[in-house]
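> sequence unavailable; structure follows:
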C-alpha cells in the first residue's frame, strides 16, 4: 500500500511518498533528528531556501539584529532611490532571518513599518538583478555577494 505524508516543524519540512513501512521509517528518522536540527538553525520567517544560503546571501544574524527598517534604509542609502530601498529592505529581511526573499515580502515589510512604498517592486528586483546585486530563484530571490558589497558589507 502506498502512503504519503507532508508536514513542517519550524523550518524543517518533510514530504514522503512510497510504501507505508518505508514512509514510516523515514518519518521516525526525521522526528529523532528534529530536536537537534531545531537547535542548529535559527527560525525562518518565510521558509527555508538552501539555494539562497548556499549562493552567498551571507549569514543572517536574526538574534542580534534589532535595527528598525527606517534606520537600515537610511544607512544603506535607500531614502530617495527605490531600487536601493528595495535592496536595503531585502537585506533587512535577510538579517532578520528570512531566507527566501520575495518581492511581496519586501513590499509587506515596507508597509508594515510605515515606509514609502515602491512604485513597481518587480521592476526594482529586475534592476537589482541587472546590476548583479540579486539573483532570482525558483521561490524568490537572494542578495548576491556583489549586492552585499554594494550595501557596504566587506565580502
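That came in fine, so what should we check first? Just so it is clear, the structure is predicted and the values come from calculations on it, not from any experiment.
> now stretch 70-84: how far from the chain's centre is it?
Distance of stretch 70-84 from its chain centroid, counting by Cα atoms, centre = their mean, to the nearest Å, is 19 Å.
> likewise stretch 98-106?
Computed by Cα atoms, centre = their mean, the separation of stretch 98-106 from the middle of its chain amounts to 6 Å.
> could you check that stretch and say which residues are buried?
98-103, 105-106 (16 or more other Cβ atoms under 10 Å). (C-beta placed from N, C-alpha, C; glycine too.)
> tell me the least confident of these?
pLDDT across the buried residues of stretch 98-106 is lowest for residue 99, at 80.
> if we can go back for a sec, dump the buried residues of stretch 98-106 into TSV; add distance to residue 114 and secondary structure as well.
What follows is the buried residues of stretch 98-106, written out as TSV (distance: Cβ to Cβ, whole Å; DSSP: H, G, I helix; E, B strand; the rest coil):
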residue	distance to residue 114	secondary structure
98	19	coil
99	25	coil
100	24	coil
101	21	strand
102	20	coil
103	19	helix
105	17	helix
106	15	helix
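> per-residue pLDDT, residue 3?
Confidence per residue is given as pLDDT, and for residue 3 that number is 73.
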